[in-house]
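# The following block contains a protein sequence and its predicted model.
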Amino acid sequence: MKKLVSMLLVLAMLCTMLPFQTFAVESDKTIGNTGTSLYSWNMYMLSKGSYPDIRDYLTSLNITRVYQQIPEVYLTGTETADMIARLADDGIETVALVGDRAWGLAENDLSEAKTYMNKLAAYNSGIGAKNPITKIAFDVETYTYSFWENDSVSYFAAYIEKMQEVYAYAHSCGLTVIQVIPTHYDTIDAALNRKFFTTCADEISLMNYEKATQVTAIQEEIALCEELGMEVETIFETMPRNEYFGVTEENTYFYEGYSALLAKQETILNTYPYRNLSVSYHHLPTMYHVVTGKYIAEIYAYTDSNDPTKNDLGQTDALKSIILTGSDGSVIEAGLCNPNLTAQYAENCYIAVGVVPGVEYTISSAAEDYAVTTPTKTFSIGEDDVIGYASISIERIASAACKHVEEIRNAKEATCSEKGYTGDIYCSVCNQLLTSGTTIAKTAHTAGETAGNQDGTHSTLCSVCKEVLSTESCTDYNEDGLCDVCGAKISGTVFTPDMFKVTLSKTSVRKGQVVTLTVRTSEDVTSITVNGEKITNYQTTTETYTTGSGRKKVTTTVTCRVFTYTISQNTRGKYTYNVVACNSGMQQSNPQTVVLTVK
């Protein structure tokens, strides 16, 4: 799966001139026990106006589940709840699609993942209560880091520990966990792979992309899921060639077409007659092209094409759709949608479903009080098989003067976890935006209780949102066996390891560069903390030291444990890292300090 928003917006119009194919599904085979699913990285289905055309496409594929990336900002708006309700009315389940490859690293605290799950739980108990999102899919591709290959077993084990933590937290939020994974985990370590299946997932979705091995590559995974009674999917790739994402003609059906995909799908389902096996397609706009030969296009409306800050800041909100009339006689109603609420400027655009390259489209307004002043567009193939985005100008037609009645919309109170908004002032009579609101900064956190973490550290939490504000090592200056701050029981004896060496790969770097902090310790050290963050994963190495010379030469072999911690800072300054060694009795050493200068 791929998660870069800018790339995903471009992929909406990826293309090649393939023969047109109808929507008719060529096989009446009942697929698995859960129907067919589809991955969707963009919020195209937010558009109520364009959804009828997308519905026909979903129905043709027997889609019963959509994996939808839903950025946090969308979890606070009613448009998301409306979208999920439309899908639910058509018998389609929505699964929240999230993931960052860094979540599988030992040093990651998973705060980003947990924050998202908290927001999703709040959505389910609030505006989404009628049709809650009860499942979450984790696409955590830690194996794509180059260093994974150096010790895949150790990194796989660390990844499993983080996914176990994610799994437990998701369940505490009332969420079922689907893990989206490649097909090679079983080749790293069979025992670890079984551990992952049994402790990290309720369902499995397999990125089974290599066409030459699609049937054989999933044999072990299907057998394991059948043994455990788990639901499992095999995913087909339909993106076009893309070097960044590693998509080639060997692992996509974008060029080979829908018939070839259906034939391979039939072969897989006949090879594995497991009732809980189903198929999935990646992803919505490119699979749409593979099935129909047409495209999904984004048309941005401007009131001033020279000033992006004037792009739709409420001025065209009342125009819910535009009409595209093609030179081939086709008519497309493009509904208003906002595919990227996280953009620098508010970008309301229209989603046109079924665009054909080379056809000239006359674009008109669907409302009498608006006019399209750049009415003609032709979509043509550009570099790398991409249809460029279209932009049009829209003007409000002068009408009888309205005695505006002001009302505030979209106001939102600021909290310590989210920014607020003063609200936009609209006319409640003509619906015109009179004044745009402004963002309200987050309020300050309120320090609350300080609690021990049972690992020699304690954390101070915000009393409002419960976010961890700081984590520090426990201290016992009065030697009473209790932490002076949190009162947790600790040893009053300072631990002195036989070996404890702390080094930085570089002590001075430019911002954004990655630095590795390496800690070599004796075997009596079971964990370390770096500025209060606990690290338990290490590698065991043997090092040889020679002292003296001649007959007095002595060679000593020492077994040591090597802990590593990755650092990257994006702001200039000096950063201090305090490292403490801990033993199995939770005794702590005196800290060793290193300083990193970021230029």
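Good, I have the coordinates. Residues are numbered from 1 along each chain as shown.
# pLDDT on the helix ranked longest in the chain, on average?
Counting residues, the longest helix found in the chain (DSSP state H) is helix 152-172. For helix 152-172, mean pLDDT rounds to 97.
# same check, this time on stretch 254-261
The average pLDDT for stretch 254-261 rounds to 93.
# Same question for stretch 453-463.
When pLDDT is averaged over stretch 453-463, the result is 82.
# ok so, going back, can you state the direction angle for the helix or strand that the longest helix of the chain is followed by and helix 152-172?
The C-terminal neighbour of helix 152-172 among helices and strands, as given by DSSP states H and E, is strand 176-182. Using axes from the mean of the first three to the mean of the last three CA atoms, to 10 degrees, one finds that strand 176-182 and helix 152-172 are set 160 degrees apart in direction.
# what's the model's confidence in the helix or strand following strand 176-182, averaged?
Going down the chain from strand 176-182, the next helix or strand is helix 185-188, by DSSP H and E. Averaged over helix 185-188, pLDDT sits at 96.
# counting contacts, what elements does helix 185-188 pack onto?
helix 152-172, helix 190-200, helix 219-228 (3 or more CB pairs under 8 Å, 6 or more residues apart in numbering; DSSP states H and E). (Glycine included, C-beta is placed from N, CA and C.)
# Any chance of TSV for those, columns distance to Pro357 and mean neighbour count?
Formatted as TSV, the helices and strands packed on helix 185-188 follow (distance: least, CB to CB, whole Å; neighbours: other CB atoms under 10 Å):
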stretch	distance to Pro357	mean neighbour count
helix 152-172	42	18
helix 190-200	44	17
helix 219-228	39	17
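# tell me the angle the longest helix of the chain makes with helix 190-200.
Using the same axes, to 10 degrees: helix 152-172 against helix 190-200 is 10 degrees.
# neighbouring contacts of helix 152-172?
With contacts defined as CB atoms under 8 Å, 6 or more residues apart in numbering, helix 152-172 is touched by 103-106, 108, 110, 113-114, 117, 136, 138, 140, 142-143, 145, 147-148, 176-177, 179, 185, 188-189, 192, 195-196, 199-201, 537, 539.
# For stretch 91-99, give the mean pLDDT please.
96.
# Name the residues of it that are buried.
By neighbour count on 16 or more other CB atoms under 10 Å, the buried set for stretch 91-99 is 92-99.
# next one: that stretch to chain centre, how far?
12 Å (CA atoms, centre = their mean, to the nearest Å).
# what do you get for stretch 193-200?
How far stretch 193-200 lies from its chain's middle: 22 Å, per CA atoms, centre = their mean.
# next one: stretch 227-235
With CA atoms, centre = their mean, you get 22 Å for stretch 227-235.
# what does stretch 166-174 give?
Distance, centroid of stretch 166-174 to centroid of chain: 17 Å (CA atoms, centre = their mean).
# Can I get that stretch in PDB, CA atoms only?
Output in PDB follows, covering the C-alpha atoms of stretch 166-174 (Å, rounded to 0.1, in the frame of the first residue of the first chain):
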ATOM      1  CA  VAL A 166      -1.300  -1.900  18.600                       C
ATOM      2  CA  TYR A 167      -3.500  -5.000  18.600                       C
ATOM      3  CA  ALA A 168      -4.200  -4.700  22.400                       C
ATOM      4  CA  TYR A 169      -4.900  -1.000  22.200                       C
ATOM      5  CA  ALA A 170      -7.200  -1.400  19.200                       C
ATOM      6  CA  HIS A 171      -9.200  -4.000  21.100                       C
ATOM      7  CA  SER A 172      -9.400  -1.600  24.100                       C
ATOM      8  CA  CYS A 173     -11.000   0.900  21.700                       C
ATOM      9  CA  GLY A 174     -13.500  -1.700  20.500                       C
END
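# of the buried residues of stretch 91-99, closest to Tyr74?
Ala96 (10.2 Å; CB to CB).
# sorry, back to before: right, and the helices and strands packed on helix 185-188 - which one's nearest Thr496?
Thr496 lies closest to helix 152-172 among these, at 27.9 Å (CB to CB).
# neighbours around Glu360, how many?
Counted with other CB atoms under 10 Å, the neighbours of Glu360 add up to 12.
# who are the neighbours in contact with it?
Glu360 sits in contact with 326-327, 376-378, where contact means CB under 8 Å, 6+ apart.
# go again using 7 Å as the cut-off
For Glu360, the contact set (CB atoms under 7 Å, 6 or more residues apart in numbering) comprises 327, 376, 378.
# re the thing from before, can you lay out the buried residues of stretch 91-99 as JSON lines showing secondary structure and distance to Thr446?
Output for those, formatted as JSON lines (DSSP: H, G, I helix; E, B strand; the rest coil; distance: CB to CB, whole Å):
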{"residue": "Ile92", "secondary structure": "coil", "distance to Thr446": "42"}
{"residue": "Glu93", "secondary structure": "strand", "distance to Thr446": "39"}
{"residue": "Thr94", "secondary structure": "strand", "distance to Thr446": "35"}
{"residue": "Val95", "secondary structure": "strand", "distance to Thr446": "35"}
{"residue": "Ala96", "secondary structure": "strand", "distance to Thr446": "30"}
{"residue": "Leu97", "secondary structure": "strand", "distance to Thr446": "34"}
{"residue": "Val98", "secondary structure": "strand", "distance to Thr446": "28"}
{"residue": "Gly99", "secondary structure": "coil", "distance to Thr446": "32"}
